[in-house]
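K.L.:
here is my input; please provide its structure:
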Amino acid sequence: MVLARREVATPPAGRGRGRKTGHGSVRGNAVRFGLMAVPVAFFGLFFAYPVVAIVGRGLRTDGVWQFGRIGQVLSRPDILDVLRFTTWQALASTALTLLIALPGAYVFARFDFPGKQLLRAVVTVPFVLPTVVVGTAFLAVLGRGGFLDELWGVRLDTSVWAILLAHVFFNYAVVVRTVGGLWSQLDPRQEEAARVLGAGRLAAWRRVTLPALAPAVAAAALMVFLFTFTSFGVVQILGGPAYSTLEVEIYRQTAQLLDLPTAAVLTLVQFAAVGGILAVHARTVRRRETALRLVDPAQTARPPRGAGQRALLGGVLLTVLLLIVVPLGVLVERSLDTSGGYGFGFYRALQSADASGSTFLVPPLEAIGNSLQYAAVATLIALVVGGLAAAALTRRAGPLVRGFDALLMLPLGVSAVTVGFGFLITLDEPPLDLRTSWILVPLAQALVGVPFVVRTMLPVLRAVDGRLREAAAVLGASPLRAWREVDLPLVRRALLVAAGFAFAVSLGEFGATVFIARPDNPTLPVAVARLLGRSGELNYGQAMALSTILMLVCAVSLLLLERIRTDRSGEF
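P.N.:
Take a look at the predicted model:
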């Protein structure tokens with residue numbers, strides 16, 4: 001997703017950069033394909049191979065592909081209900097998110113007010129939180145004994161409204177950053193010129209600003225649809241047995257019913273849907289990159305003027321308070337509300353394995369250290385793989401390289417449950433018998449982190465003037481030295497931002513990790529899910545305490561990113 005992109009003057013072919021012909025073209029292609037080698041090998045081995053293997057396990061019998069099973073599965077009434085609900089709730093979640101978040105995008109783009117940087121970090125926290133924690137936060141507000149239940153006797157858990165609101169909570173930042181990032185760079189004088197020529201305020205916005213924003217709105221809508229179409233943790237916790245998305249059904253068919261044929265068919269359906277969404281998203285991104293001339297966001301933001309603008313700012317602040325701050329605040333409150341009054345009893349109980357009712361082989365508190373170590377290793381892997389991929393994609397190329405770009409995005413939408421289970425059935429023989437190795441968890445987390453690294457670093461790398469690299473090459477620098485001396489100093493800040501995002505999303509990965517995390521080395525999201533799966537006040541309180549710790553770690557990471565990211569460069 002694109003949040004901001006600075007306009008860079010590009011010399012025409014034959015001037016400045018010079019034409020790439022003969023030996024130079026061959027050398028450039030060789031460098032590009034050399035950079036692509038490691039990412040392709042990584043995704044081939046740890047993404048494509050497990051997914052293909054588990055699909056093959058479900059659709060092959062005695063070495064013969066049974067494609068007739070696809071029609072058999074898709075004709076079942078229960079599966080059709082799952083497909084209908086998955087699509088319906090994704091469409092409803094997308095529409096509701098756009099309705100609620102677009103005013104926020106305008107406020108962040110056009111208004112300058114005290115605490116704006118802090119508020120931007122606050123609205124981004126839900127996006128990097130694990131969906132398990134999002135579900136837990138809304139359970140504390142909407143569930144039995146929750147905030148609304150205690151105040152008015154209202155319960156919305158196990159209802160579709162809880163799912164939709166949680167999805168808006170999770171994806172609010174996607175719209176604010178994607179649309180707001182572009183809105184802040186649109187020259188407001190164009191709309192003012194239309195009004196001078198006689199157009200009303202609404203007409204000027206509809207004819208000038210809306211067409212310019214349309215690609216960003218479409219990109220945001222597609223990404224929200226993607227994330228909600230593949231929703232897992234939110235639906236599993238808040239939906240109850242009455243509601244099931246494709247991802248939840250894949251998990252149920254795989255882990256509970258051991259029905260691999262059905263799981264394989266559903267994986268193929270989800271894969272096809274995600275591929276279509278990413279293809280459309282790529283078209284909107286390319287259109288946005290080439291069709292607009294942008295200005296410095298500092299020139300467009302002003303303090304709100306007049307009662308209408310102040311009311312709009314107040315409405316957005318109230319929305320953020322009720323939709324984001326209240327669930328997170330209630331999460332903290334529930335973690336402190338023990339039977340003996342407010343205190344840190346649930347946090348102290350995390351130090352003992354016995355306190356959790358034999359849910360863990362080790363004290364739940366160890367999940368914090370495990371998660372931090374796994375996320376650190378996953379971040380390092382994601383930076384190496386994603387950095388090489390971004391460098392390979394820096395200069396636009398043909399369909400092969402564009403296909404490679406789409407491949408890097410697939411882990412964000414393809415079933416993480418399928419990937420995790422695929423790890424177990426494929427990486428079980430020498431020389432890659434990793435089932436008992438600690439590295440399996442960081443590898444799965446890195447698959448999710450790589451797209452964030454690529455989308456953060458790619459616009460910045462493309463903004464580096466190619467003539468600087470050519471000058472370094474003329475002076476005798478190798479491609480590696482040219483990258484170290486020219487590109488790295490210019491992209492160091494984006495590299496830190498990419499590392500922060502990769503760390504945050506790795507910390508919260510759940511779908512694949514729930515399969516491969518060992519009982520004696522649980523991660524924070526897995527520990528939260530296990531505690532919520534058991535009855536009792538102590539287990540519930542410990543789940544809230546662990547969720548609060550994870551939320552605070554993510555919040556601190558986002559605040560640090562906001563301090564680093566003064567130029568708003570990058571696509572996330």
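
K.L.:
quick one: what helix or strand has the closest residue to Leu458 other than its chain neighbours in it?
P.N.:
Of all residues not flanking Leu458 in the chain, Ala390 sits nearest, at 4.7 Å (Cβ to Cβ, 6 or more residues apart in numbering). No exception for glycine: its C-beta is placed from N, CA and C like everyone else's. Using DSSP states H and E, Ala390 maps to helix 366-392.

K.L.:
sorry, back to before: my guess is the residue nearest to Leu458 meets Leu461, correct?
P.N.:
Yes - contact criterion Cβ atoms under 8 Å: Ala390 and Leu461 qualify, at 5.6 Å.

K.L.:
who has more neighbours, those two?
P.N.:
Ala390 (28 against 20; other Cβ atoms under 10 Å).

K.L.:
just the pLDDT at the more buried one, thanks.
P.N.:
As predicted, Ala390 sits at a pLDDT of 85.

K.L.:
which ones are touching it?
P.N.:
Counting by Cβ atoms under 8 Å, 6 or more residues apart in numbering, Ala390 touches Val453, Val454, Met457, Leu458, Leu461.

K.L.:
what about 6 Å?
P.N.:
For Ala390, the contacting residues are Val454, Met457, Leu458, Leu461, by Cβ atoms under 6 Å, 6 or more residues apart in numbering.

K.L.:
helices or strands up against the host helix or strand of Ala214?
P.N.:
For Ala214, the host element (DSSP H and E) is helix 210-229. When contacts are defined as 3 or more Cβ pairs under 6 Å, 6 or more residues apart in numbering; DSSP states H and E, helix 210-229 sits against helix 77-110, helix 160-183, helix 260-291.

K.L.:
name the helices or strands packed onto the very next helix or strand once past that helix?
P.N.:
Later in the chain than helix 210-229, the nearest helix or strand by DSSP H and E is helix 233-238. Contact partners of helix 233-238 among helices and strands, from 3+ Cβ pairs under 6 Å, 6+ apart: helix 131-142, helix 160-183.

K.L.:
next structured bit after helix 233-238?
P.N.:
helix 246-251.

K.L.:
the residue nearest to Pro364 when sequence neighbours are not counted: how many residues sit nearby?
P.N.:
Leaving aside its sequence neighbours, Pro364 sits nearest to Leu350 (Cβ to Cβ, 6+ apart; 4.6 Å). By other Cβ under 10 Å, 24 other residues sit near Leu350.

K.L.:
same deal with Gly145?
P.N.:
Applying other Cβ under 10 Å, we find 13 residues neighbouring Gly145.

K.L.:
again with Ala219
P.N.:
27.

K.L.:
and the gap between it and Val497?
P.N.:
Counting by Cβ to Cβ, to the nearest Å, the gap from Ala219 to Val497 is 19 Å.

K.L.:
per-domain residue ranges of this structure.
P.N.:
Domain assignment for the chain, taken from automatic domain parsing, gives 32-63+350-572, 80-336.

K.L.:
rank those by pLDDT, which is bottom?
P.N.:
Across these, domain 32-63+350-572 gives the lowest mean pLDDT, at a mean of 79.

K.L.:
that domain: how far from the chain's middle?
P.N.:
Between the centre of domain 32-63+350-572 and the centre of its chain there are 11 Å (Cα atoms, centre = their mean, to the nearest Å).
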